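1. Sequence and predicted structure, then a few things I'm wondering about:
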Amino acid sequence: MPASTTAETEIVKWLADHEAGMVDMLEALVNTDSGSYHKQGVDAVGALIREFLEARGIPCDIIPIEIHGDAVRATVSGASNGGNRPIVLMGHRDTVFPRGEPERRPFTIRDGRAYGPGVADMKAGLVMNAFVLAAFAELGGAPAPLVGLFTGDEEIGSPSSAPVIARETSNARAVFNSEPGRVSGNVVTGRKGGIFFRCTVNGKAAHSGANFADGVSAIGELAHKINAWHDITDIDRGITVNVGLISGGQSVNTVAPEAACDIDTRFIKLADRDWLVASITEIAERSYVSGTSATMEIMGEFKPLEQSAASADMFDLYTQAGHDSGLAIAGEFSGGCADSGIAASLGTPTICGVGPVGALVHSPDEYMELASFVPRAQTLARTIVRMQEQG
């Protein structure tokens, strides 16, 4: 039996033998509160992952981040003939849920599904990545260097982690982002990009009865801008603009001196990014109501995931590995954003949604299919082994 085939057989068996440990670790991560703005909790999840990996001889570096969760970087050495370019297994530790959610809704298992905040998005993927790294480390190293990158602010656009992700993936051989697999069992081969803006409008306060003409309404100005922003939407082109939050005013009987809004934009092609930013900014800078002014800032940004020829080749290798793990896997497009777009925009072959299958993310009914845990881990491990075989 060829050495590479032996290695694949051993790692597949190792992962199957450690299913109970994977579930135990998932429970620990889900029951650790880690909303994006709860740095202490996000770092606590990182500490659990680091403890697991270091106990198996896998060195971990902490990349400090002041406001959000630190990045954790784990490394498994590669064979001498595997080259120096790493294969990156990526995932985020933060969730969208408010403080205290794990206490209100702790990890549970019902009818073959695991439930709890962030169980699919994406703590199951973190566990899968950690166990794949551990399997290669305990069985003598990977065919090429492996990097496990565990970040802490993806749910808010990775404002602090994006430079770290770009640095780690820019020269990578391949990137696997372990966001949840689709309900269909498929992975994600394309995603929209997204930019989150905040616009603040300034006007002039005045009594709305006695001195109405002296006022300049920031709310009135913002209303004009909202209509103009929404008109940018072009469904056929894959571009959408949604003002999802608004605030402003001082009192019902005062001409509003200030107003603000948060804007969500989505786009399919990286080539549309600069045009979209310019269009949003031009409307922010234009005064529809004389005497108003406005400022605009980008709060977070995701690049789109566009499948390159190299990514398509890697996807073919992955789907065959899935077939040999008992899975039928195809590719899907998602309107949601993810950190995988950062790697893909740098030209690195990238597949997203390779984590265990889950659904209803960001909701109280979020779940993960426990039966997918081991086969998805085995598929990832097989792909890594075969990438070396095929050069």
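-> Nice, I can see it.
2. Phi, psi for the spatially most central residue of the chain please.
-> By CA atoms, centre = their mean, the chain has its centre lying nearest to Ala338, at 3.6 Å. Dihedral angles of Ala338 (phi, psi; degrees, to the nearest 10) stand at phi -160, psi 170.
3. Could you verify my assumption that it touches Phe302?
-> Yes. Taking contacts as CB atoms under 8 Å, Ala338 lies within contact range of Phe302: 6.8 Å. Any C-beta I mention is one placed from the backbone N, CA and C, and that applies to glycine too.
4. what's the overlap in contacts for these two?
-> Common contacts of Ala338 and Phe302, defined by CB atoms under 8 Å, 6 or more residues apart in numbering, comprise Arg191.
5. those helices in the stretch 251-391 of the chain, which residues are they?
-> Ranges of helices within the stretch 251-391 of the chain are 273-285, 309-324, 340-345, 373-389, based on DSSP state H, counting those that start in this stretch.
6. Now these in JSON lines, please, with extra columns for mean pLDDT, mean neighbour count and distance to Pro59.
-> Shown next, in JSON lines, are the helices of the stretch 251-391 of the chain (pLDDT from 0 to 100; neighbours: other CB atoms under 10 Å; distance: least, CB to CB, whole Å):
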{"stretch": "helix 273-285", "mean pLDDT": "98", "mean neighbour count": "16", "distance to Pro59": "37"}
{"stretch": "helix 309-324", "mean pLDDT": "97", "mean neighbour count": "17", "distance to Pro59": "27"}
{"stretch": "helix 340-345", "mean pLDDT": "96", "mean neighbour count": "27", "distance to Pro59": "22"}
{"stretch": "helix 373-389", "mean pLDDT": "94", "mean neighbour count": "24", "distance to Pro59": "19"}
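7. And the ones you listed: which comes nearest Phe197?
-> Closest approach to Phe197 among these is made by helix 273-285 (5.9 Å; CB to CB).
8. Which residues does the closest one contact?
-> 193, 195, 197, 199, 225, 228-229, 232, 239, 241, 263, 265, 267, 294-296, 298, 303.
9. from these, which would you call buried?
-> Among these, those buried by neighbour count (16 or more other CB atoms under 10 Å) are 193, 195, 197, 199, 225, 228-229, 232, 239, 241, 263, 265, 267, 294, 296, 298, 303.
10. In strands, which of those appear?
-> Counting by DSSP state E, the buried ones among the contacts of helix 273-285 place 193, 195, 197, 199, 241, 263, 265, 267, 294, 296, 298 in strands.
11. so the last one touches Ile195, yeah?
-> Which is Ile298. Yes. Assessed by CB under 8 Å, Ile298 is found in contact with Ile195 at 6.0 Å.
12. For the ones in strands among the buried ones among the contacts of helix 273-285, which two are the farthest from each other?
-> Gly193 and Ala294 (24.1 Å).
13. Name the residues of stretch 239-246 that are buried.
-> In stretch 239-246, counting by 16+ other CB under 10 Å, buried: 239-241, 243.
14. I'd like the residues you listed laid out as a markdown table, including distance to Thr5 and pLDDT.
-> Putting the buried residues of stretch 239-246 into a markdown table (distance: CB to CB, whole Å; pLDDT from 0 to 100) gives the following:
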| residue | distance to Thr5 | pLDDT |
| --- | --- | --- |
| Ile239 | 47 | 97 |
| Thr240 | 47 | 98 |
| Val241 | 52 | 98 |
| Val243 | 56 | 98 |
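15. quick one on the thing from earlier: distance to Ala172 added to the helices of the stretch 251-391 of the chain, as a markdown table?
-> As requested, those are arranged in a markdown table below (distance: least, CB to CB, whole Å):
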| stretch | distance to Ala172 |
| --- | --- |
| helix 273-285 | 22 |
| helix 309-324 | 11 |
| helix 340-345 | 7 |
| helix 373-389 | 12 |
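16. List just the one of those helices that sits closest to Gly152.
-> Judging the helices of the stretch 251-391 of the chain by CB to CB, what sits closest to Gly152 is helix 340-345, at 14.8 Å.
17. Which secondary structure elements does the closest one sit against?
-> Contacts defined by 3 or more CB pairs under 8 Å, 6 or more residues apart in numbering; DSSP states H and E place helix 340-345 against strand 87-92, helix 162-169, strand 174-177, strand 187-191, strand 350-352.
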